[in-house]
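Peer 1: okay, predicted coordinates and the sequence, questions at the end:
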Amino acid sequence: MHDVVIRGGAILDGTGAAAFTGDLAIDGDRLAEIGGKAGPGKREIDANGLLVTPGWVDVHTHYDGQATWDPVLAPSAWHGVTTILFGNCGVGFAPVRPEHRAGLIDLMEAIEDIPGTALAEGLKWDWESFPEYLDALDRLPRTIDIAAQIPHHPLRVYVMGDRGINREAATADDVAEMRRLTEMALKAGAFGFTTSRTYSHKTNAGDSFPAISPRRPSFTASAGQ
């Protein structure tokens, strides 16, 4: 007897093939059968008239804060998403010094309209470096898989302090330190580096973001923008 049988759905197997009607059987954490008529299951789900698909991978989210306190990550988990990627648009919460925590909340609220009050209440800030942030994420059980990228704005402010906030040009030493910290983050498990060249991104006070320098930014990659 199978653990779970999903019966009679229109199966899209992710290969690009046309949908086909059949059963899907699950034993433990493995698919035992795809298509046809499966044997009985301890739990059976009627999927007649519904699509049965692999989990969705959402490569552009902003769960940087919520992922530190919410194991379910709704509403994405409710919509069939099984893997999310955050740290997009160059905004996030690591690396960070204590005096810049409120500023990072302001950036996230401004660009993504996530209430700063919710972030201020939910974030524990039990990290400073990006590897420590990944460790904090690992401490929470998960309903779905997560992946994080190191964002440019907090990285720049972490290295440059007020000079970064005021959008002064990075020095060669600043660039070298940002490169070192980015490499350290990647080795610790970051999925990439993100920034933003979108001039419409403003703080709640109407100022440009730290990475939008009057001169060419120290990093020019635009993954996640």
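Peer 2: Sure thing, it's come through.

Peer 1: so how far is residue 179 from the nearest residue to residue 87 once chain neighbours are set aside?
Peer 2: By the measure of C-beta to C-beta, 6 or more residues apart in numbering, the closest residue to residue 87 outside its immediate chain neighbours is residue 149, 3.3 Å from it. All C-beta atoms are positioned from the backbone trio N, CA, C, and that covers glycine. Using C-beta to C-beta, to the nearest Å, one gets 16 Å for the distance from residue 149 to residue 179.

Peer 1: between the two, point out the one with more neighbours.
Peer 2: Between residue 149 and residue 179, counted using other C-beta atoms under 10 Å, the more crowded position is residue 149 (24 against 14).

Peer 1: who are the contact partners of that one?
Peer 2: 85-88, 92, 190-194, 223-224 (C-beta atoms under 8 Å, 6 or more residues apart in numbering).

Peer 1: could you rerun that using 6 Å?
Peer 2: Under the criterion of C-beta atoms under 6 Å, 6 or more residues apart in numbering, the contact list for residue 149 reads 87, 190-192, 194.

Peer 1: just the residues you listed now: which is nearest residue 175?
Peer 2: Closest to residue 175 out of those is residue 194 (17.0 Å), distances taken as C-beta to C-beta.

Peer 1: so where's the longest helix in the protein?
Peer 2: Taking DSSP state H as the assignment, the helix of the chain that covers the most residues is helix 172-188.

Peer 1: number of nearby residues for residue 92?
Peer 2: For residue 92, which is what you asked about, the neighbour count (other C-beta under 10 Å) is 27.

Peer 1: where's the nearest residue to it once chain neighbours are set aside relative to residue 70, distance?
Peer 2: By the measure of C-beta to C-beta, 6+ apart, the closest residue to residue 92 outside its immediate chain neighbours is residue 151, 3.8 Å from it. Noted for residue 151: a distance of 20 Å to residue 70, by C-beta to C-beta.

Peer 1: and these two? Which one has more around it.
Peer 2: Neighbour count, other C-beta under 10 Å: between residue 151 and residue 70, residue 151 has more, with 31 against 15.

Peer 1: pLDDT at that one, what is it?
Peer 2: You'll see residue 151 listed with a pLDDT of 97.

Peer 1: so what sits opposite the residue nearest the centre of the chain in the bridge?
Peer 2: With distances taken as C-alpha atoms, centre = their mean, the chain has residue 86 as the residue nearest its mean C-alpha position (1.8 Å). Taking DSSP bridges, one obtains residue 148 as the residues bridged to residue 86.

Peer 1: quick one: it and residue 61 touch, right?
Peer 2: Yes - between residue 86 and residue 61 there is a contact at 4.8 Å, judged by C-beta atoms under 6 Å.

Peer 1: where does residue 44 sit: helix, strand or coil?
Peer 2: Three-state call for residue 44 (DSSP: H, G, I helix; E, B strand; the rest coil): strand.

Peer 1: distance check, it against residue 29.
Peer 2: Relative to residue 29, residue 44 is positioned 18 Å away (C-beta to C-beta).

Peer 1: those two: who's more crowded?
Peer 2: More neighbours surround residue 44 than the other of residue 44 and residue 29, with 15 against 6 (other C-beta under 10 Å).

Peer 1: contacting residues around the more buried one?
Peer 2: Residues in contact with residue 44, defined by C-beta under 6 Å, 6+ apart, are residue 5.

Peer 1: swap in 8 Å and give it another go.
Peer 2: Neighbour list for residue 44: 4-7 [criterion: C-beta under 8 Å, 6+ apart].

Peer 1: same thing with residue 96?
Peer 2: Applying C-beta under 8 Å, 6+ apart to residue 96 gives the contacts 104, 125, 127-128, 154, 158.
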